[in-house]
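Novice: this one's structure only:
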């Protein structure tokens, strides 16, 4: 089984850290690699960034299909391009917000999300609703650290840990969901520090994809998530035009 | 007042038809033009198409800002890139699904949506929920005509009219919302034929934008829809990198 | 096009102020007048007042039909008698709460409502739910000024402005909806003072009605909002008995 | 204990029938009478009728307060004027839709409503939502008999019974709620005929009021349902102006 | 008419107090007794306790059927075993949370629940949702007194009263629902002390059952709540195996 | 890692089949066994059966804790005793309805549930709501085969397959969830026959538990799901009384 994690934040050091977190949880026999999106923003912190991260993500998915990848993880908490990626891929595709929220819902009555900048909080709430997880999502909180500062700011762990602690207290929640792929490396230590389960979406999504592939579950190939219809594409993105073959899949 | 309609379907004949429909309803003194997105799919009929229509749409919005446009309409019923466009634009941006559904909600207890291919029905339902319009949206129906066939297939009007008539009967609805910008030209005749109000989102969104500009209403400039933060962009989309000026707006 | 604003608060000075606010936003060629309801309470601040404002409102609507009015605005934030007025009128009828909430929903993720007395807050929440706007309505706040004090109390603007400022901060909202027709004259100055878009329902409803008339959209004439059936009326309200003609419309 | 049933349909024969149904279920020691509203429509079958039935209902409530009535039932399935009546009355006021739906919710997973004309179905759904009973309300069905035909049309029982039978089958429901006070006399025989519990709101509301009075439960006297504030009333309804005393209650 | 209150908390002194509260509200001619569950926890304060209280409750219901009981009240605010009891019983079965919440919903816009230990708050919220009462349930609060301390701790009334007072203030609620059968004896005095209606579920459920029996309303005998199918039971609970006769009822 | 599947249906042959399905999907290094509940009904097809299956299930969980089990699966689609089991267990406990619904939600816009007897459909809908999965659950369907007939009736596979095929067509769903642990062995062949992904909850829950244990995620040990408080238990179930040690965990 081959799983690929795609990081739509075009920052290689972040991709490497993510790859380590994902590799730490896979079962014997599962192969996993992480790739950086070939084009797009260095970090995703706005709807603009998110929209412009999707073409690169889709390129990575198409490359994955050529490479025989069995399932994918999208390593950004906005789950950018998830629906489009599901149309392209033969196997399962999971977003890390999706997987983290579902996972946390098994741990008690509800969880808090701790994200980076406050401007991303609305997107987290949208996704909670989309996945049916709004009844478990007791609060969304920002620590106001930019994504890339998670790697470089020496205070990062302390700031995120403090935000997690406050979130649990304020929401009366049973678990914390980390709202950024860049927080994956902090997960275990924050959980130890605050004494509450903390869910990293990268690891959660990797195992969810592994489970789906093990179960032989993939989209049925018809309906809303069938392969996109081939048609003319123009301008700078004309190379995204799909041939007839993809349309017949 | 200058309003611009952006057609993210990269088909110029469709843009011209849309422009006529929009111009037919504006008030004296309002200037309006319609532009075709510079890059992307000829028509939008999948999540893949929709995702790849957004970069071209954002280019058009940035051009609009340079041109001093006061408000925008996104002329695709999936409302692609709406959140990102709101971050970029100073004035209001409306999607045609958004405007059509809100408008139809004033006409009775509920409306039916009639869209093109069945695979787009899920997106229509997602948007109805997002806008709070799911309580008014009594059904989503597909007529299984592709977007571009609306212009070229001689049966198009008959097929869409029949789908509208069946939708009203099946749902017990008070109005029909046309689920594609390419249906704008059919609106008045279908309404005459079926004896029920029919809402075209292009005209509805144009008037909603005109009203918002008249009222002086635009985003507050802070929070989730503030201008995107400037940051490095890499690869083929590197020209979307925003300068410091945009970041300070 | 003729639009009529009906003020169900039977206070003429308030009607004049409302008329000015509405006239300030209409398009060239639109005719607009505002009328005071012929009977009912001087101001509407309870369910009792609201219920007893409706007969006068319906008289005004019937007069409007005789005068050839194309669309109506109900100038009270409880939207009293909206369903009944829609049965009577041939053209569109909008309540100011309805229009204000829909309008504010286009400005960001959510709005706060600032109303007069606390006892009217429940009604505002009911209406938000009815219109599907509860997902955008992040809070309802009272400034505890009676309706008529908005005209006479010299502190009125300061009190309402302060309530708006606190509401935005507490709710994290992107806009404010003013919860009383009597606040219409304050709208622009409050927005300037607090730096956030503020929506007055009188102006918003006027433009929404203007748009619906421009689009040729009116109820279909059958079903729940068809003309009321004629039948005997007894007692003091016997003059509301409708003749056969109305029943056949 | 004195309970009064107010029939806002101004048809005395209907009031008498309702009184009999209510008297049949009260406990020893409870006094009950039914009164016909002093003004308004002979039957309530539109939003217009409903709005114009409320002033007469409120007159009846005020008379009841003068008579020392302990609790009230509003005998129309639209529950007209319920909020306003609660402001006026010292004791509990129940609508028959409210009581019937709550009662039916105890009988299984869900109920069907069978009402008179199709145009009243929307109101039934609105009330189900308001009372939190939409999760139990599996369907609303019309038998297309006008209210007054329930007394006069010899086919009435057969038509309503057939509609109930079909509703149960179609919805898979565990009970039927009769959607009109005029159906109260049919309740027992329909239940016998279709073999499913049938709930008449008049009897249900009478017992709910009796229970609330027995429990000593009445509104707290402050907040949204406190007595209306006194203020000037003008025109034909000027006699509804409340004196200071009511305002202080 | 015979009503039986079953106390699934196996503490006889509590049952006696409950019986007194229930007897105080029944109508002349209604017979009522309260029984203690034959097996299970002395008090119910966890999901574990609740699950293990159900077999004893079901034994009591079966005994009641043999005794010709017409309706039952389950005297624990978790409403344990309600669905199963409804399958067994011929007449109505009400839980005290169910009855209290429905009753409180008639008193205004919303109520607060005051319960014993914080760990039971989740169950109260679950039930509010199940009964459609979450829109009326403005808050759930714990006073952190164990169930049995309500009888023995001299501070009990003061602690619960204070929690009720704070709940009303914090939630802006119109009524309080007492979240434990053991609080029944405190109801009247707390209401007097805080000046807001307080609902005890034991009394509320007793009267709701009395009303249902008076109305002749019981389950239809088919579908989800029909008698359980007979089948083999093994192990310590083998005596719960039902004979053929029950299966045919 | 040790995972234990508990079958609360006291039928050993069914437990063996379940064990095989679970063992087929675990990762190398995971140990798994399945145990039959020591007491309760041979199959679970009513609320009565379900309630009476819980004590046996809890005995099995307590035995598991003594045996050092890391995580549990409850192998009945009603997820009986889930909350109580979570209080007892140190590691994660998953119900098969819970796991199957979450898993199916990743495969498209929605799934159909196909269950055994129609009387269990309500419980499936309750669980979908509880887990936030009602937005994905497009329909619940019964094939009217009793649980134990799945093993013995030669038509079983054909009947279930046909019900699955009809469900997908009627609901327009992207996947089927099998609504009984006894259907686990049929999963792969039904999926092959109908060409749509089919989810067996036993396998899904096994992998979800394996993932949670791998991630080190377990309840935080405080709040609603902390160990039950020790207290006296009386009667036939007195042996469920917990000692002090459990209370302190």
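Specialist: Received, thanks. These figures come from a predicted structure and were not determined experimentally. Numbering: from 1, shown residues only, chains lettered A, B, ... in the order given.
Novice: What strand or helix carries residue A:48?
Specialist: Applying DSSP states H and E as the criterion places residue A:48 in helix A:47-67.
Novice: For that helix, list every residue counted as buried.
Specialist: A:47-62, A:64-65 (16 or more other Cβ atoms under 10 Å in any protein chain shown). For the C-beta atoms, the positions are set from N, CA and C on the backbone; glycine is no exception.
Novice: got it, and stretch A:98-113?
Specialist: A:98-113.
Novice: and the closest residue to residue A:31 other than its chain neighbours, how many neighbours?
Specialist: What sits nearest to residue A:31 in space, not counting adjacent residues and going by Cβ to Cβ, 6 or more residues apart in numbering or on different chains, is residue A:2, at 4.7 Å. Residues lying near residue A:2 (other Cβ atoms under 10 Å in any protein chain shown) number 16.
Novice: Could you check which residue of chain A lies nearest chain E?
Specialist: Residue nearest to chain E within chain A: residue A:109 (5.0 Å; Cβ to the nearest Cβ).
Novice: and the nearest residue to that residue once chain neighbours are set aside, how far is that from residue A:152?
Specialist: Leaving aside its chain neighbours, residue A:109 sits nearest to residue E:122 (5.0 Å; criterion: Cβ to Cβ, 6+ apart). In this structure, residue E:122 and residue A:152 are 41 Å apart, going by Cβ to Cβ, to the nearest Å.
Novice: of the two, who's got more company?
Specialist: Using other Cβ under 10 Å as the criterion, residue E:122 and residue A:152 rank with residue E:122 on top: 20 against 10.
Novice: What does the pLDDT read for that one?
Specialist: In this model, residue E:122 is scored at 97, pLDDT.
Novice: Residue A:243 now?
Specialist: Predicted confidence (pLDDT) for residue A:243: 83.
Novice: which residue ranges form the helices in chain A?
Specialist: A:12-23, A:47-67, A:82-88, A:96-105, A:121-130, A:149-152, A:156-171, A:187-194, A:201-214, A:244-248 (DSSP state H).
Novice: what ranges of chain A fall below the confidence cut-off?
Specialist: Scanning chain A for pLDDT under 70 picks out A:244-249.
Novice: and the residue nearest to residue A:194 when sequence neighbours are not counted, how many residues sit next to it?
Specialist: Nearest residue to residue A:194, sequence neighbours excluded (Cβ to Cβ, 6+ apart): residue A:165, at 4.9 Å. Per other Cβ under 10 Å, the neighbour tally for residue A:165 reads 17.
Novice: My read is that residue A:165 contacts residue A:198, right?
Specialist: No: using Cβ atoms under 8 Å, residue A:165 makes no contact with residue A:198, being 10.8 Å away.
Novice: what's the residue of chain A closest to chain E in contact with, if anything?
Specialist: Residues near residue A:109 by Cβ atoms under 8 Å, 6 or more residues apart in numbering or on different chains: A:136, A:173, A:174, E:122, F:223, F:224, F:225.
Novice: Surely the last one and residue A:108 touch.
Specialist: Yes: contact status for residue F:225 versus residue A:108: in contact at 5.5 Å, counting by Cβ under 8 Å.
Novice: Could you find the closest non-adjacent residue to the most centrally placed residue in chain A?
Specialist: By Cα atoms, centre = their mean, chain A has its centre lying nearest to residue A:96, at 2.8 Å. Of all residues not flanking residue A:96 in the chain, residue A:201 sits nearest, at 2.9 Å (Cβ to Cβ, 6+ apart).
Novice: The one you found touches residue A:102, doesn't it?
Specialist: No: using Cβ under 8 Å as the test, residue A:201 is too far from residue A:102 to be in contact (9.9 Å).
Novice: from the contacts of residue A:109, which is closest to residue F:35?
Specialist: residue F:225 (22.4 Å; Cβ to Cβ).
Novice: count of neighbours near that closest one?
Specialist: By other Cβ under 10 Å, neighbour count at residue F:225 equals 26.
Novice: Same question for residue A:68.
Specialist: 9.
Novice: surely it meets residue A:1?
Specialist: No: assessed by Cβ under 8 Å, residue A:68 is found out of contact with residue A:1, at 10.5 Å.
Novice: ok, residue A:221 to residue F:197 distance?
Specialist: Residue A:221 is 10 Å from residue F:197, by Cβ to Cβ.
Novice: for the residue in chain A that chain D sits nearest to, what are its contacts?
Specialist: Nearest residue of chain A to chain D (Cβ to the nearest Cβ) works out as residue A:135 at 14.5 Å. Shown in contact with residue A:135 (Cβ under 8 Å, 6+ apart): A:110, F:132.
Novice: For the residue lying closest to residue A:9 once chain neighbours are set aside, grab the count of nearby residues.
Specialist: Closest residue in space to residue A:9, ignoring its immediate chain neighbours: residue A:43 at 4.9 Å, by Cβ to Cβ, 6+ apart. Residues near residue A:43, counting by other Cβ under 10 Å, number 28.
Novice: Perfect, I'm done here.
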